[in-house]
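**Student:** I would like to see how this sequence folds:
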Amino acid sequence: MSLRSACLVPALILALAAGCGGGGGAGKGRASANEPQTAKEKQLQEAKASGEADATGQSGWGKWRYTGDRSNCFFVAGQKCFKTEVAACQTMKCKAGEKCKASGAGPATVSCAK
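**Tutor:** Numbering: from 1, shown residues only. Now for the predicted structure:
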C-alpha cells in the first residue's frame, strides 16, 4: 500500500462521518418540542391563541342539544327526539280542539295547531 492511499482512506472516512449528520444540531429542519407536528395540532394551537377553543381543546358550538334517542331523531317535541310521530304527539298533550302536527324535516318539529 502506498503512502498516498494510506492517507486517503482515513481522510475519506472522516469526511463521510462528518457529512452524514453525526451531530444533532438544533434548528436543522427539526421542530422544537412545543411546536405542532400535524395540521390538526396547529389549528388547535391557533384556535386556543385566538380564544375560539376552550382549555379542553374542543371547539364549542353551543350549549343546546336535542335530548332523547339522537341516533333515531326523526321528530322533535320541545328539545326531545322521538323515533315516531305518535310518540312525539303523546308528549305534546294537545288541548281539546287542537291537533298534533309535524312540520319541516330532518328532524320534523311537532306542535299543536287548530
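**Student:** so where do the helices sit in the chain?
**Tutor:** Per DSSP state H, the chain carries helices over the ranges 3-19, 39-50, 85-92.
**Student:** Can you lay out the ones you listed as JSON lines showing distance to Lys101?
**Tutor:** Just so you know, the C-beta spots here come from the backbone N, C-alpha and C atoms, and that holds for glycine as well. Output for the helices of the chain, formatted as JSON lines (distance: least, CB to CB, whole Å):
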{"stretch": "helix 3-19", "distance to Lys101": "79"}
{"stretch": "helix 39-50", "distance to Lys101": "42"}
{"stretch": "helix 85-92", "distance to Lys101": "9"}
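**Student:** Let me have the ones you listed in CSV, adding distance to Gly68 and mean neighbour count as columns.
**Tutor:** Formatted as CSV, the helices of the chain follow (distance: least, CB to CB, whole Å; neighbours: other CB atoms under 10 Å):
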stretch, distance to Gly68, mean neighbour count
helix 3-19, 67, 9
helix 39-50, 31, 12
helix 85-92, 10, 16
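**Student:** Reformat those as JSON lines; add mean pLDDT.
**Tutor:** Output for the helices of the chain, formatted as JSON lines (pLDDT from 0 to 100):
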{"stretch": "helix 3-19", "mean pLDDT": "71"}
{"stretch": "helix 39-50", "mean pLDDT": "85"}
{"stretch": "helix 85-92", "mean pLDDT": "89"}
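**Student:** Ok, which of those comes nearest Lys99?
**Tutor:** With CB to CB as the criterion, Lys99 lies closest to helix 85-92 of the helices of the chain, at 9.1 Å.
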